[in-house]
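Engineer: Here is the input, now give the coordinates:
(2 chains)
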Amino acid sequence: SQQGEEDPQALSIQEGENATMNCSYKTSINNLQWYRQNSGRGLVHLILIRSNEREKHSGRLRVTLDTSKKSSSLLITASRAADTASYFCATDGGSNYKLTFGKGTLLTVNP
Amino acid sequence: DAMVIQNPRYQVTQFGKPVTLSCSQTLNHNVMYWYQQKSSQAPKLLFHYYDKDFNNEADTPDNFQSRRPNTSFCFLDIRSPGLGDAAMYLCATSRDFNAGLQSRPQHFGDGTRLSIL
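Structural biologist: Presented below is the predicted three-dimensional model:
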């Protein structure tokens, strides 16, 4: 299976702190994507990083990708209580467009 | 706003009683997906449509079927729900993949939470 694995499974921080979540995967990819899921809601796409990119920014989000280590990280800076959610990485397996999601990191940001 | 809408948000059915979940989209995307997500787990792809072409995942139970009568609508039919089918069912869409078969961002509805009595 090429399923990604997020680390840690759960993370609790104070508002204003930075949150870092990691994702590891097993096979080659074209793209890696990060999604957020609020409790009881659908997933929201955050950012897509291509296999030939090493870093990408979007607002308070910073994603890195190391294809040699088959790993990615998502950094959320200056976290807010509204960032409380589960965060999933998803990989496309390198040869098709279907996504395989990791198990997710549950982030809790305490006010 | 363009979006993916799932109805109903909550569905309760009896063990063995067929149930249909619906999804509609205003994004005009070619590809529609159905995922099953159990508590604290990753979404698991059940099947997807590329236009009218249906693609089933190898491990999707025969109990699950899907229909896509037009671009905007897609249905998930569970013929004889068992207790193990209680889950959140998520519908998603994406634009067709580019020439390199690279994945696109997917747009999700808010899901239907299915309970089995």
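Engineer: tell me which parts of chain B are close to chain A?
Structural biologist: B:4, B:6, B:31, B:40-45, B:48, B:90, B:92, B:94, B:97, B:100-111, B:113 (Cβ under 8 Å from any Cβ of the partner chain). Every residue, glycine included, has its C-beta placed from N, CA and C.
Engineer: In strands, which of those fall?
Structural biologist: Per DSSP state E, strands hold the following members of those: B:4, B:6, B:31, B:44, B:45, B:48, B:90, B:92, B:94, B:107, B:108, B:113.
Engineer: Would you reformat those residues as TSV and include distance to residue A:63 and neighbour count?
Structural biologist: Shown next, in TSV, are those (distance: Cβ to Cβ, whole Å; neighbours: other Cβ atoms under 10 Å in any protein chain shown):
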residue	distance to residue A:63	neighbour count
B:4	24	22
B:6	28	23
B:31	24	20
B:44	24	18
B:45	23	21
B:48	25	24
B:90	23	28
B:92	20	27
B:94	19	21
B:107	19	21
B:108	19	23
B:113	30	17
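Engineer: Looking at those, which is nearest residue B:78?
Structural biologist: For those, the closest approach to residue B:78 (Cβ to Cβ) belongs to residue B:113, at 13.5 Å.
Engineer: Read off the pLDDT value for residue B:114.
Structural biologist: If you check residue B:114, the pLDDT there is 97.
Engineer: Let's verify the residue lying closest to it once chain neighbours are set aside: helix, strand, or coil?
Structural biologist: With sequence-adjacent residues excluded and distances taken as Cβ to Cβ, 6 or more residues apart in numbering or on different chains, residue B:114 is closest to residue B:11, at 5.0 Å. Recorded secondary structure, residue B:11: strand (DSSP: H, G, I helix; E, B strand; the rest coil).
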